[in-house]
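Student: model the structure of this input:
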Amino acid sequence: MTDQKIASAATVFADRFYMSDKALDQLSMLGGYACADAADAAGLAEKIGGSPSVKVIVSEYIPINDVVLSRARDLKGVIAYGAGYNHIDVEAMKHSGIKACNCRGENAESVAELAFGLMLGLLRRIPKADPWVRAGEWEKAGMVLPGWANGRELWKKTLGVIGLGQIGARVVRIAKGFDMTVLGYDPFMKPEACRSLGVEPVSLTDLLSRSDVLTIHVPLSPETHNMLDSNALAGVKPGMILVNTSRGRVIDEKALIDALQSGQVGGAALDVFAAEPLAKDHPLSRMDNVVLTPHLGALTLEAGDRLSDSVVRQVKAILEGKQPEGLII
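Tutor: Numbers count the residues shown, from 1 in each chain. Take a look at the predicted model:
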């Protein structure tokens, strides 16, 4: 994104993320845009500085709260760049009459595909095998490969899916290609709707005890915060593989580390963490049965183009006083 002056922009990007050239051209015709490139809410508020031109704020990670709202005096709407909106103070928006929106569904395919990439990477030891070959270890070993090279298949395993929204539903579809049995836990979905996806609706306790592989696709909320704590992890099928591409804080990381060390959880593939970026000396980074990626679930060119288009459509709707497609409140 090319920086332009916030003082004359109708749309302000709180932080830096991908926007297509086509989308930026369209925003230029909708009152202009600017990138605040803020480090936090206070920094964003300072850069907005009470400008009357700012009508829409788009944010991927920067909190949008009372600190920001107090300086954005003519704000009409806030858009979360992506599906997650736990960084937006929805209650503050509700009382101020400002529209809060997200871009749900636009990155669902990308996140679902990454979930399976992580599963396969962990089960087939791909992250370990690649540097081993590059370091010349295969040449030294000859055709007798080390024991760690024996991986495991996804074929006909039981997959537990927590959260059957747009991402979870795509995960289910992909799982059918591996002839997996799929269990689902989603308290907001009716059992018949689960079954229509080819999913057996079960309780969380049942799902944890029966799943060979578990994948999580829920937003972070008071209800989901640390939903997989020490008690929950104690009830998983021994050796279960866990994949998380949702939000780091849905899992108690200390409890997960303990479960990985004991073998109760056989391995974990994680794209999200309680604190990001992950510290170099974090215990997870030193574990052989863990695959780590830097919160890149939505980072595909295709998802970026879809998100860009969604942002433009919603900015246009907000400026015209219409209901945006991703309206939260």
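
Student: helix/strand/coil for the nearest residue to residue 5 once chain neighbours are set aside?
Tutor: The shortest distance from residue 5 to any non-neighbouring residue, by Cβ to Cβ, 6 or more residues apart in numbering, is to residue 34 (6.0 Å). Any C-beta I mention is one placed from the backbone N, CA and C, and that applies to glycine too. Secondary structure state of residue 34, per DSSP: H, G, I helix; E, B strand; the rest coil, is strand.

Student: need the contact list for the most centrally placed residue in the chain.
Tutor: For the chain, residue 246 is the residue whose C-alpha lies nearest the centre (Cα atoms, centre = their mean; 4.0 Å). Residue 246 makes contact with 163, 216-220, 272, according to Cβ atoms under 8 Å, 6 or more residues apart in numbering.

Student: which ones among the residues you listed lie within strands?
Tutor: Secondary structure assignment by DSSP state E places residue 216 of the contacts of residue 246 in strands.

Student: now, of the contacts of residue 246, which are buried?
Tutor: Buried by 16 or more other Cβ atoms under 10 Å: 163, 216-220, 272, out of these.

Student: which two from the residues you listed end up farthest apart in space?
Tutor: For these, the maximum inter-member distance is 13.3 Å, found between 163 and 272 (Cβ to Cβ).

Student: related to what we said a few turns ago, of the contacts of residue 246, closest to residue 317?
Tutor: Set against residue 317, the nearest of those by Cβ to Cβ is residue 219 (22.5 Å).

Student: where in the protein is the helix or strand with the lowest mean pLDDT?
Tutor: Lowest mean confidence among the helices and strands of the chain (mean pLDDT, DSSP states H and E): helix 90-96, at a mean of 87.

Student: output the contacting helices and strands for it.
Tutor: helix 66-69, strand 99-102 (3 or more Cβ pairs under 8 Å, 6 or more residues apart in numbering; DSSP states H and E).

Student: tell me which of those is the most buried.
Tutor: Of those, the one with the most neighbours on average (mean count of other Cβ atoms under 10 Å) is strand 99-102, at a mean of 24.

Student: could you pull up the mean pLDDT of the very next helix or strand once past that strand?
Tutor: Per DSSP states H and E, the first helix or strand lying C-terminal to strand 99-102 is helix 108-123. The pLDDT scores in helix 108-123 average 98.

Student: for the helix or strand just after helix 108-123, buried residues please.
Tutor: Of the helices and strands lying after helix 108-123 in sequence (DSSP H and E), the nearest is helix 126-134. Neighbour counts over helix 126-134 (16+ other Cβ under 10 Å) mark 127-129, 132 as buried.

Student: report the mean confidence score over helix 126-134.
Tutor: Across helix 126-134, pLDDT averages out at 97.

Student: ok, which stretches of the protein are helices?
Tutor: Secondary structure of the chain, counting by DSSP state H: helices at 21-28, 41-48, 66-69, 90-96, 108-123, 126-134, 137-141, 166-177, 191-196, 204-210, 230-234, 253-262, 301-319.

Student: my guess is residue 229 meets residue 254, correct?
Tutor: No. The pair residue 229 / residue 254 is not scored as a contact, 9.3 Å apart, by Cβ atoms under 8 Å.

Student: thinking again about what came up before, out of the helices of the chain, indicate the one that is most buried.
Tutor: helix 108-123 (a mean of 22).

Student: list the helices and strands that helix packs on?
Tutor: helix 166-177, strand 213-216, strand 240-244, strand 265-270, strand 290-292, helix 301-319.

Student: just the angle between it and strand 240-244, please?
Tutor: 140 degrees (axes from the mean of the first three to the mean of the last three Cα atoms, to 10 degrees).
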